[in-house]
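Colleague: Predicted model and sequence follow; I will ask about them next.
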Amino acid sequence: MRLYSLSVLYKGDPKVHLLKAAYDVSTFNFFQRSSVQEFMTFTSQLIAERSALGSRASVKEQEYLCHVYVRNDGLAGVVIADNEYPQRVCFTLLDKVLDEFSRQVSKMDWPSGSPATISYSALDGYLSKYQVWAPGT
């Protein structure tokens, strides 16, 4: 069971843009890593764009399961995991990350923010903490 990507996005008008993301592409061939990461960024944006405000969904894309949660305020989170990773845990993680993100990053920064301008450093920690998920943790 693996998590590959954890992203926070803003679903504004007219499109979705990435605010912050963390990736674990260490299991991929060195030469594939950048294109895999690009695929995950693109897929996260596309899924958030196609999801309605206030919705949760799980979408199969190639050999991955993408879990998306778009809050009513436009803040969205996407987890990309393998097929074996429990859906319930992914949505628990998304709830936790989006709540924390909205407390630490001003809502005024969401529409114009980018990974370079948003200061929120917890995603890498969450990605590694939830990486080795085991029942009962």
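Modeller: Okay, I see it. Residues are numbered from 1 along each chain as shown.
Colleague: Is Phe42 in a helix, a strand, or coil?
Modeller: helix (DSSP: H, G, I helix; E, B strand; the rest coil).
Colleague: what about it, how many neighbours?
Modeller: By the measure other Cβ atoms under 10 Å, the count of residues near Phe42 is 11. (C-beta placed from N, C-alpha, C; glycine too.)
Colleague: got the contact list for it?
Modeller: For Phe42, the contact set (Cβ atoms under 8 Å, 6 or more residues apart in numbering) is empty.
Colleague: and the gap between it and Arg71?
Modeller: To Arg71, Phe42 is 22 Å away according to Cβ to Cβ, to the nearest Å.
Colleague: Next: Phe39.
Modeller: Distance check for Phe39 against Arg71: by Cβ to Cβ, it reads 25 Å.
Colleague: With Val105 instead?
Modeller: Val105 is 13 Å from Arg71, by Cβ to Cβ.
Colleague: Any figure for the gap between Glu100 and Gly77?
Modeller: As it turns out, when the distance is counted by Cβ to Cβ, Glu100 lies 11 Å from Gly77.
Colleague: Same question for Leu93.
Modeller: 8 Å.
Colleague: can you list residues touching both of the two?
Modeller: Counting by Cβ under 8 Å, 6+ apart, the residues touching both Leu93 and Gly77 are Leu6.
Colleague: who's more crowded, these two?
Modeller: Gly77 (28 against 22).
Colleague: Do I have it right that that one meets Val68?
Modeller: Yes - between Gly77 and Val68 there is a contact at 7.2 Å, judged by Cβ atoms under 8 Å.
Colleague: Need the overlap of contacts for these two.
Modeller: By Cβ under 8 Å, 6+ apart, the residues touching both Gly77 and Val68 are Leu94.
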